[in-house]
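Visitor: Mind looking at a prediction? Sequence and model below.
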Amino acid sequence: MRQRTKVLLVGAVAVACGVLGWGLVRPTGAAVPASTPAAASTPGQPPPTTPVAASPSAVAPPPVMPSPASVPGNVDAELEALATSLREKYGAKLHEPYLQIRMVEELMRFFQERFPDRWEQELLAFLKANFPEHYDALAAMLRNRVDYEKWVKDSESYLRGLTAEQRRSATWDARHRLFGKENAERIWVSERKNQAIADTLRTLGAQEGVSLEKKLSTYKERLQEVHGEQAAAYVERHQQELMNRFLDLPSVQTDLGGMTPAERSQSLRSVRKEMGLDAEALQRWDALDQSRDARWDAGAKYMAEREVLAKELSGEALEAKLVELRARYFGGEAETIGQEEAGGFLRFSRPRQWGRN
């Protein structure tokens with residue numbers, strides 16, 4: 001009996017040691033699956049954890065296996081593919097601050113999504129492993145970018161109380177302070193150029209007594225000054241946008257509205273030609289202008305008759321007459337226009353934007 005008790009005790013100790021041994025040698029990083037962070041979580045702050053209650057069962061539950069996304073091999077493969085993609089996309093010109101910050105922002109989105117509680121640590125490790133020759137510059141750019149984001153957030157209420165010009169000045173001061181003046185100017189060079197063009201357009205839009213031709217000439221000269229050798233290529237890539245911004249100017253619309261139909265047609269054609277449109281495109285625009293003119297003429301007649309009917313009729317009798325009237329003037333568009341009017345929108349009561357609608 002004493003011998004049997006001894007055997008049982010030895011067996012129990014062996015089992016206990018086995019359980020403790022498993023607890024010491026099991027992997028430490030693969031027990032808890034990653035949870036998807038909420039879209040509004042703060043970068044760098046760990047998501048809230050849910051406490052796990054002890055199981056009432058005497059039998060311990062089986063260990064939780066890692067999801068495929070958390071398997072180290074899969075993560076390594078994903079990071080390797082990311083590094084390859086970034087080298088192809090940015091590698092040749094990664095000395096440029098503008099491209100450095102673009103890559104850093106791309107990496108911030110990637111690592112904040114996959115490692116919400118330690119994204120910055122993982123991002124720096126990734127840079128160290130894959131871009132060692134640019135590590136110092138990229139790490140500094142990351143720090144500056146994070147600090148700039150914090151400044152924008154902390155200064156939101158202050159900036160709202162400033163004028164547009166004061167807000168722009170304060171923003172540039174912060175950029176110069178955080179990134180250095182030279183880097184900041186190279187990072188936001190497009191913003192500087194766009195602002196210069198916007199300032200010119202604002203001035204032209206308020207000018208009175210200056211011909212449309214002179215305004216267009218000033219606009220083109222400013223585009224050349226701002227974009228230099230790249231001006232022609234820039235205009236070619238942004239023809240429609242540049243034309244629309246010019247035609248939308250209040251002073252330009254006033255000029256066009258004061259012309260005869262023939263003069264207006266010729267002026268619109270000149271604007272488009274000066275912005276680089278070819279002969280085929282100019283013909284298409286001529287045809288579109290004629291179609292728009294015919295529709296607006298029909299709209300003006302419709303609105304005049306509609307006003308007369310509204311004074312004479314009401315309710316169902318008025319609507320029945322308007323259905324006939326819309327069908328006569330607008331054909332296939334009549335039903336759409338009727339639905340717009342039912343919703344309170346009278347499309348032909350709004351001002352005509354010459355060259356735009």
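Guide: Sure, I can see it.
Visitor: And the helices in the stretch 51-200 of the chain?
Guide: Taking DSSP state H, counting those that start in this stretch as the test, the helices found in the stretch 51-200 of the chain are 72-90, 97-114, 119-130, 135-154, 156-160, 164-179, 181-187, 189-206.
Visitor: Could I get the buried residue list for the last one?
Guide: Within helix 189-206, the residues scored as buried using 16 or more other C-beta atoms under 10 Å are 193, 197, 200, 201, 204, 205. In short, each C-beta sits where N, CA and C put it, glycine included.
Visitor: so where is this structure shaky, pLDDT-wise?
Guide: Within the chain, the segments meeting pLDDT under 70 span 1-73.
Visitor: CSV for the helices of the stretch 51-200 of the chain, including distance to residue 255?
Guide: Shown next, in CSV, are these (distance: least, C-beta to C-beta, whole Å):
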stretch, distance to residue 255
helix 72-90, 46
helix 97-114, 39
helix 119-130, 54
helix 135-154, 40
helix 156-160, 36
helix 164-179, 27
helix 181-187, 36
helix 189-206, 11
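Visitor: residues touching residue 346, list them.
Guide: The contact partners of residue 346, by C-beta atoms under 8 Å, 6 or more residues apart in numbering, come to 303, 340.
Visitor: what's the first-to-last distance across stretch 270-279?
Guide: Across stretch 270-279, the terminal residues are separated by 12 Å (C-alpha to C-alpha, to the nearest Å).
Visitor: How far away from the center of its chain is it?
Guide: 30 Å (C-alpha atoms, centre = their mean, to the nearest Å).
Visitor: burial of residue 316, as a residue count?
Guide: The tally of other residues near residue 316 (other C-beta atoms under 10 Å) stands at 8.
Visitor: Is it in a helix, a strand, or coil?
Guide: helix (DSSP: H, G, I helix; E, B strand; the rest coil).
Visitor: What's the separation between it and residue 174?
Guide: Using C-beta to C-beta, to the nearest Å, one obtains 63 Å as the distance from residue 316 to residue 174.
Visitor: And for residue 335?
Guide: Distance from residue 335 to residue 174, by C-beta to C-beta: 54 Å.
Visitor: Which of those two has more residues huddled nearby?
Guide: Between residue 335 and residue 174, counted using other C-beta under 10 Å, residue 174 has the larger neighbour count: 17 against 13.
Visitor: Tell me who's in contact with that one.
Guide: 148, 151, 155.
Visitor: cool, residue 89 as well?
Guide: Counting by C-beta under 8 Å, 6+ apart, residue 89 has contacts residue 103.
Visitor: Run through the helices of the stretch 251-357 of the chain in chain order.
Guide: Under DSSP H, counting those that start in this stretch, the stretch 251-357 of the chain gives helices at 261-274, 279-312, 315-330, 334-342.
Visitor: Out of the ones you listed, indicate the one that is most buried.
Guide: helix 261-274 (a mean of 16; mean count of other C-beta atoms under 10 Å).
Visitor: Tell me what angle that helix forms with helix 279-312.
Guide: 140 degrees (axes from the mean of the first three to the mean of the last three C-alpha atoms, to 10 degrees).
Visitor: Tell me how far helix 261-274 lies from the chain's centre.
Guide: For helix 261-274, the separation from the chain centroid amounts to 34 Å (computed by C-alpha atoms, centre = their mean).
Visitor: what's around the closest residue to residue 137 other than its chain neighbours, how many residues?
Guide: Among residues not flanking residue 137 along the chain, residue 100 sits closest, at 6.3 Å (C-beta to C-beta, 6 or more residues apart in numbering). Neighbour count of residue 100, defined by other C-beta under 10 Å: 23.
Visitor: Return the residues in contact with residue 100.
Guide: Residue 100 sits next to 90, 94, 134, 137, 138, 141 when contact means C-beta under 8 Å, 6+ apart.
Visitor: quick one: residue 331 from residue 281, how far?
Guide: For residue 331, the distance to residue 281 equals 28 Å [C-beta to C-beta].
Visitor: typo on my end, it should be residue 273
Guide: For residue 273, the distance to residue 281 - C-beta to C-beta - is 9 Å.
Visitor: repeat for residue 184
Guide: Residue 184 is 39 Å from residue 281, by C-beta to C-beta.
Visitor: and if you look at residue 186?
Guide: Applying C-beta to C-beta, the value for residue 186 to residue 281 is 35 Å.
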